[in-house]
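Student: Below is the sequence, then the predicted model.
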Amino acid sequence: MTGERLRNHPTVILDNLVQTAFVIFIVLIFTLRIWASEAFLIVGGVLCLLTIMFYWRWRKTFIHFNENELVVERNTLFSMKKTIPYTKIASININRSITNRIFRTSTLKVNVNSSSNAIVPEAVLVFKMELAEKVKQDLSRTGSKDEPQAEIYHASAVDVSSKDIIIHGLFSQSTLQTLSGFFFLGVSVIQLRDEMMRPNASEGFQGLISLGMFVLLTIVPTITSIVHNANFKVYREKDIVYLEHGLISKFKTSFPVAKVNAVHVRSTFVSRLLGMSYLEAEVIGLGVDTKNKRPVLCPLKKNEVITAALRELLPEFVYEHDGIRQPLEARKPIAAKAAAGIFSIVAASIILTLLLRSVISGDTTLIGMARTLAENIFLIIGTLMTLGMIVWAFGYYKVAEMSLGEDLFTFVSGVVDRKETTMLYDKVQMVTVSKGPVAKRYELAVGKVSLLTATGGANVSSGYFPEAQLNKVHKIVMARLADGRYEGKLDKA
């Protein structure tokens, strides 16, 4: 395709318009009476103006496939020229939204070896399906010789059924989020019952608001997960991992194993009771539509299946190790942290109770009942939070582990929802070892590891371990850097 000049498919105008129209509708809900004729006139005028603007931008945007680089050029009022060398391309992924499927088009997302675009792709190209496949193959062949030359059927490395996807959607959500959702469900049931018993309950919407919070916190994430991960397929070809999933929008993602910073084996409280966990990867320069989430390599399955999937897909992140638990002295700084949390809870409860008594004043029976009810609610919440801090302290001491291998090291963390993170020394950017006044007395510290910027990337923290043990991570990284084994530079990653 060298020397060709193309435009994106015109459906990008419709995509941009739909996204903008949705934002306008949300704004109208909160700012205008949506049934007023003025609102329709304003919306119509804005949409017409945006259509003209998007059309003009589409007409003035060209895509050049030169001999050594991809160039995206826009000659509008604010001109732009983006040059992407083929050799710097990290991944080329194909997504198919509802609009793509209606018009038989595909969206190509091109990502480069850069920490600045670990989430947002460097170029988004929309072509007819056949042309998109041809462009992907040509760019892959030019930028990475490991990419396949033709579309070949591969069986999934993990057998994932629709039942597995539904279980993953139900039980992979964080426990705190799930409990919050069911709390609002309970509140909504009480509020709706009270509103239905009132003779003049025509304007009571508190129950519906609480019910909406339950839907937002519990139902929506579950359905979104199921729709996003449906038709799941994952396999590895040579040194490339391929992911395919999606019920409405189709996602095809691939990334070299060399781009993987770390793998996470995660389990929520409920899934751990079922003996299940799921596998995630932290990938440099992936830039897919995952809302800054890590790509899931295997949804919730039995732990032995997850272990087998990791060995099949990323054996580079498997090593024999025995976890090192926190020493007995770690109970002291953990207890100090829990005590500080409990003190803050008690202080907040007392202050809120005093403020309540000053706000709700009076000697009537109704006011007294309301004040007593509110004080009891504060007492219950404070007691539950105090018990939560105690449980956290016991769990934190029992769960946290670390292990150091020759090329890999692992941190285990999480009291309710657990996470086992295995990382490469060669992808470590910074190691921070910190200690408070109590931990310092026992020569203990907490380690925080920063990896190369990746989709869904975050600092990984350890529990309380001897400072000398945590410093070994930094020393191993520096030793590998000195003898040339360290390969954590973005150009090589």
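Tutor: Okay, I see it.

Student: quick one: the helices in the protein?
Tutor: Here the chain has its helices, by DSSP state H, at 11-31, 37-59, 98-103, 129-143, 162-171, 175-197, 206-214, 220-229, 269-273, 303-313, 331-359, 365-399, 437-441, 467-482.

Student: Export only the CA atoms of the fifth one, formatted as CSV.
Tutor: So that's helix 162-171. Only the C-alpha atoms of helix 162-171 are listed here, as CSV (Å, rounded to 0.1, in the frame of the first residue of the first chain):
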residue,chain,number,x,y,z
SER,A,162,-21.5,-18.6,28.1
LYS,A,163,-22.0,-19.8,31.6
ASP,A,164,-18.4,-18.9,32.5
ILE,A,165,-18.9,-15.4,31.1
ILE,A,166,-22.1,-15.0,33.2
ILE,A,167,-20.4,-16.2,36.3
HIS,A,168,-17.5,-13.8,35.6
GLY,A,169,-19.9,-10.9,35.2
LEU,A,170,-21.7,-11.8,38.5
PHE,A,171,-18.7,-12.5,40.8
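
Student: What are the contacting residues of that helix?
Tutor: The contact list for helix 162-171 (CB atoms under 8 Å, 6 or more residues apart in numbering) reads 221-223, 225-226, 229-230, 232, 268, 270-271, 274, 276, 278, 296, 299-301. The C-beta positions use only the backbone N, C-alpha and C, and glycine is treated the same way.

Student: Of the helices of the chain, which shows the lowest average pLDDT?
Tutor: Sorting the helices of the chain by mean pLDDT places helix 11-31 lowest, at a mean of 75.

Student: returning to what we had before: closest one to residue 241 among the helices of the chain?
Tutor: Comparing those against residue 241 with CB to CB, the closest turns out to be helix 303-313 (5.9 Å).

Student: Residue 352 - nearest residue in space that isn't next to it in sequence?
Tutor: residue 378 (5.5 Å; CB to CB, 6 or more residues apart in numbering).

Student: Tell me who's in contact with that neighbour.
Tutor: For residue 378, the contacting residues are 349, 352-353, 356, by CB under 8 Å, 6+ apart.

Student: ok, so of these, who is nearest residue 437?
Tutor: For those, the minimum distance to residue 437 (CB to CB) is 26.2 Å, reached by residue 349.

Student: Ramachandran coordinates for residue 159?
Tutor: For residue 159, the backbone dihedrals are phi -80, psi 110 (criterion: degrees, to the nearest 10).

Student: starting at the chain centroid, how far to stretch 127-137?
Tutor: How far stretch 127-137 lies from its chain's middle: 29 Å, per CA atoms, centre = their mean, to the nearest Å.

Student: What residues sit buried inside it?
Tutor: 127, 131-133, 135-137 (16 or more other CB atoms under 10 Å).

Student: Can you spell out which residues form a bridge with residue 123?
Tutor: With DSSP bridges as the criterion, the beta-bridge partners of residue 123 are residue 110.

Student: Distance check, it against residue 63.
Tutor: Look at residue 123 and residue 63: by CB to CB, to the nearest Å, they are 8 Å apart.

Student: Identify the contacts common to those two.
Tutor: Listed as contacting both residue 123 and residue 63 by CB under 8 Å, 6+ apart are 70, 72.

Student: isn't residue 325 right up against residue 401?
Tutor: Yes. At 5.7 Å, residue 325 counts as touching residue 401 under the criterion of CB atoms under 8 Å.

Student: Compare those two (neighbour count), which wins?
Tutor: residue 401 (19 against 16; other CB atoms under 10 Å).

Student: For the more buried one, give me its contacts.
Tutor: When contacts are counted by CB under 8 Å, 6+ apart, residue 401 is found next to 323-326, 410-412, 463.

Student: Kindly recompute the last result at 6 Å.
Tutor: By CB atoms under 6 Å, 6 or more residues apart in numbering, residue 401 lies in contact with 323, 325, 412.

Student: For residue 214, give me its contacts.
Tutor: Contacts of residue 214 by CB under 6 Å, 6+ apart are 181, 184-185.

Student: any chance of those in TSV, with distance to residue 90 and neighbour count too?
Tutor: Conversion of these to TSV gives the following (distance: CB to CB, whole Å; neighbours: other CB atoms under 10 Å):
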residue	distance to residue 90	neighbour count
181	37	21
184	41	21
185	43	17
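
Student: how far away is residue 49 from residue 75?
Tutor: Residue 49 is 20 Å from residue 75, by CB to CB.

Student: Please, a PyMOL command that selects the buried ones among the contacts of helix 162-171?
Tutor: With 16+ other CB under 10 Å as the burial test, the buried ones among the contacts of helix 162-171 are selected in PyMOL as follows:
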select buried, resi 221+222+225+226+229+230+232+268+270+271+276+278+296+299+300+301
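
Student: Not counting residues beside it along the chain, what's closest to residue 406?
Tutor: residue 319 (7.5 Å).

Student: ah, wrong one, I meant residue 375
Tutor: residue 353 (5.6 Å).

Student: neighbours around that neighbour, how many?
Tutor: 16.

Student: And residue 89, by the same measure?
Tutor: Counted with other CB under 10 Å, residue 89 comes out at 23.

Student: Look up the residues forming beta bridges with it.
Tutor: Beta-bridge partners for residue 89, by DSSP bridges, are residue 112.

Student: Need the pLDDT of it.
Tutor: pLDDT at residue 89 comes out at 79.

Student: Likewise for the one 4 residues further on?
Tutor: pLDDT, residue 93: 78.

Student: Also residue 200?
Tutor: 57.

Student: now swap in residue 412 and tell me
Tutor: Reading off the model, residue 412 has pLDDT 93.

Student: List the contacts of it.
Tutor: Applying CB under 6 Å, 6+ apart, the residues near residue 412 are 401, 420.

Student: ok, so what distance separates it from residue 325?
Tutor: 9 Å.

Student: got it, and residue 243?
Tutor: Distance from residue 243 to residue 325, counting by CB to CB: 35 Å.

Student: Likewise for residue 408?
Tutor: Look at residue 408 and residue 325: by CB to CB, they are 19 Å apart.

Student: Could you do residue 349 as well?
Tutor: Distance of residue 349 to residue 325, given as CB to CB: 34 Å.

Student: Kindly report the same for residue 305.
Tutor: Distance from residue 305 to residue 325, counting by CB to CB: 26 Å.

Student: what sits in contact with each of residue 325 and residue 401?
Tutor: With CB under 6 Å, 6+ apart, residue 325 and residue 401 have no common neighbours.

Student: Read off the pLDDT value for the residue nearest to the spatial centre of the chain.
Tutor: The chain has residue 293 as the residue nearest its centroid, 2.2 Å off, counting by CA atoms, centre = their mean. Reported pLDDT at residue 293 in the predicted model: 70.

Student: Having no further points to raise, I will conclude here.
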